[in-house]
Each structure stands twice: as C-alpha cells, then as structure tokens.
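Asker: build me a structure from this.
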Amino acid sequence: MGRAIYVSSVNGDDANSGYAPEKAFRSLRKVNQMEIQPGDQILLERGSVFVGEYLHLYRGGTKEAPVVVDAYGEGALPRIETDGNGIWYQNYGGLDNVVHIWKGYLSSAVLLYDAEYISIRNLEITNNPCVQNERLNQADRMNRTGVSVIAKNHGTLHEIELDHLYIHDVEGNIYDKHLNNGGIYMSVSRPDDEEKTGIARYDGIHIHHCKVENCRRWGIYHTGTAR
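Answerer: Next up, the predicted model:
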C-alpha cells in the first residue's frame, strides 16, 4: 500500500514528516527528494501557491498501484509558479537535419520522466518568469513547459493521465521545435540501449478536462510512436 504525502505552502513545514495533513511539507522540494513508490499519493493543499517550485518525477506506479498527484482541502486549485526553475537536460537522440536543435536545457513545472501508471490532477500551472528584455522571437529564449512527459529508457510507458489541469502563461522558445516547449508536451527520445529496453513509446495517454492558454510554442503536443 502506498503513502499519502501532503504538501501545503499555507500550513506546511519542511521539518514535518509529510504523512498527514497536519504534518504536511511546505515545499515541493521535499517531494522531489523522495523516492516515489507504487501507490503513493502526492497531495497538494488547495489555496497553496508554490512560487519558483516544480515537481519532477522519475518513477511512476504499477497497473495495480498507480501514482496519483492531486489536490486536497477546499478552495482554489494549488498553483505551481515555476518561474523558469525546474531545469533538466533533454537529449532527443539526434536528428538527420543538423540545423535543428535536439538537445539542451529546459524548465518544466511538472516533469514525468520514464514514469508510467501515473495521474496528475487538479493543478494550476504557470512558467513565465519576468526576464528583462527577453523577446518572443529571441532564438536563444529559454525552453519552458508546463507539463513535460518523456519516454526514453523504459520501453513502453502505460497509462499516463492528465486531468483537470489549468496551464497558462508558459513562455517557451518558438524555434526549438524538437525540444519541449509550451503547455503540455509529450515526446520520446532515442534510448541509451535500445536492444535492452526496446523503443520508447506510449500505450495509453489520457488528457481530460484540461485548459491550456497563452502558451508557446505549443498548447498540447505529442511526438513519437504511440498507440
């Protein structure tokens, strides 16, 4: 049986255990430091605002015990305002067209990397730092996403659900089309050892009742092999 992990920017404290509403963590940093296990629930208190924070998960659940990220309590959706933080490195694996950029650093509010059997629900997400003199058509503009989903070294990823997310004001790079940019971006990368893992692909992507607005380069985008 998994754990219920509570996070509240309003009532939490990072010195707490995180395993009850009255013992909630204050920051998502504490969750990022944990080894998430099948059946775990990561619960963010409504009314919380996580400024400059992000949630990056490199492990999901199983068919019998999925991982769930959701809200608890009453009030406004918990909001993750990443502000250009949550930096990770994407390597698409190479392209025939050498002109296109296929590797580099990105900022993502929520990152699911080789994670399957996982649901992300009831969050508000932004990623729009106020960078002085940054232009929309700037070629080296930071790559930014609200939600990034990556398949690379785990073969087929099963049952990834995004439900009731409000993603807005994500200012990505409009030129780097092979790097994750925009509201929701799902992609596959060339595996490090394809003979061992098989090709990277998805089997079961579900996006329900999500609202995406004012996001660049894409609103919702998927690339790669899927069924």
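Asker: quick check: which element contains the closest residue to V110 other than its chain neighbours?
Answerer: Distances taken as C-beta to C-beta, 6 or more residues apart in numbering put V147 closest to V110, at 4.5 Å, once the chain neighbours are dropped. (C-beta placed from N, C-alpha, C; glycine too.) Element membership of V147 [criterion: DSSP states H and E] is strand 143-151.
Asker: next one: H206
Answerer: For H206, the secondary-structure element it belongs to, assigned by DSSP H and E, is strand 201-208.
Asker: who touches that strand?
Answerer: By C-beta atoms under 8 Å, 6 or more residues apart in numbering, the residues outside strand 201-208 that reach it are 151, 155-164, 184, 186, 188, 220, 222, 224-227.
Asker: where does H222 land on pLDDT?
Answerer: Per-residue pLDDT puts H222 at 84.
Asker: quickly list what the closest residue to it other than its chain neighbours is bridged to.
Answerer: The shortest distance from H222 to any residue other than its chain neighbours is 4.4 Å, reached at M186 (C-beta to C-beta, 6+ apart). Assessed by DSSP bridges, M186 has beta-bridge partners V149, H222.
Asker: test my guess that M186 contacts Y221.
Answerer: Yes: in this structure, M186 sits in contact with Y221. The criterion is C-beta atoms under 8 Å, and the distance is 7.2 Å.
Asker: which one's more surrounded, those two?
Answerer: Each of M186 and Y221 had its neighbours counted (other C-beta atoms under 10 Å), and the higher figure belongs to M186 (23 against 17).
Asker: phi, psi for I87 please.
Answerer: Here the main-chain torsion angles of I87 (degrees, to the nearest 10) amount to phi -80, psi 130.
Asker: same question for F25.
Answerer: Comment: the main-chain dihedrals of F25 come out as phi -70, psi 160, following degrees, to the nearest 10.
Asker: then T197?
Answerer: phi -100, psi -20.
Asker: that one: how many residues sit nearby?
Answerer: As a burial measure, T197 scores 15 neighbours (other C-beta under 10 Å).
Asker: can you check A20 too?
Answerer: A20 has 11 nearby residues by other C-beta under 10 Å.
Asker: for it, give me the pLDDT.
Answerer: With respect to pLDDT, A20 has a value of 98.
Asker: contacting residues for it?
Answerer: With contact taken as C-beta under 8 Å, 6+ apart, A20 is in contact with A4, Y6.
Asker: distance of it from I5?
Answerer: Distance from A20 to I5, counting by C-beta to C-beta, to the nearest Å: 10 Å.
Asker: ok, back up a step: which ones are touching the residue nearest to H222?
Answerer: The neighbours of M186, taking C-beta under 8 Å, 6+ apart as the test, are S148, V149, I150, A151, I160, Y202, I205, Y221, H222, T223, G224.
Asker: sheet partners, orientation included, of the longest strand anywhere in the chain?
Answerer: Ranked by number of residues, the top strand in the chain under DSSP state E is strand 156-171. According to DSSP bridges, strand 156-171 forms sheet pairs with strand 118-127 (parallel), strand 201-208 (parallel), strand 211-216 (parallel).
Asker: and the last one with strand 143-151, angle?
Answerer: Per axes from the mean of the first three to the mean of the last three C-alpha atoms, to 10 degrees, the angle that strand 211-216 makes with strand 143-151 is 120 degrees.
Asker: what does the second one give?
Answerer: Between the axes of strand 201-208 and strand 143-151, defined by the same axes, to 10 degrees, the angle is 120 degrees.
Asker: buried ones in strand 201-208?
Answerer: Using 16 or more other C-beta atoms under 10 Å as the test for burial, strand 201-208 gives Y202, I205, I207.
Asker: right, I'll leave it there.
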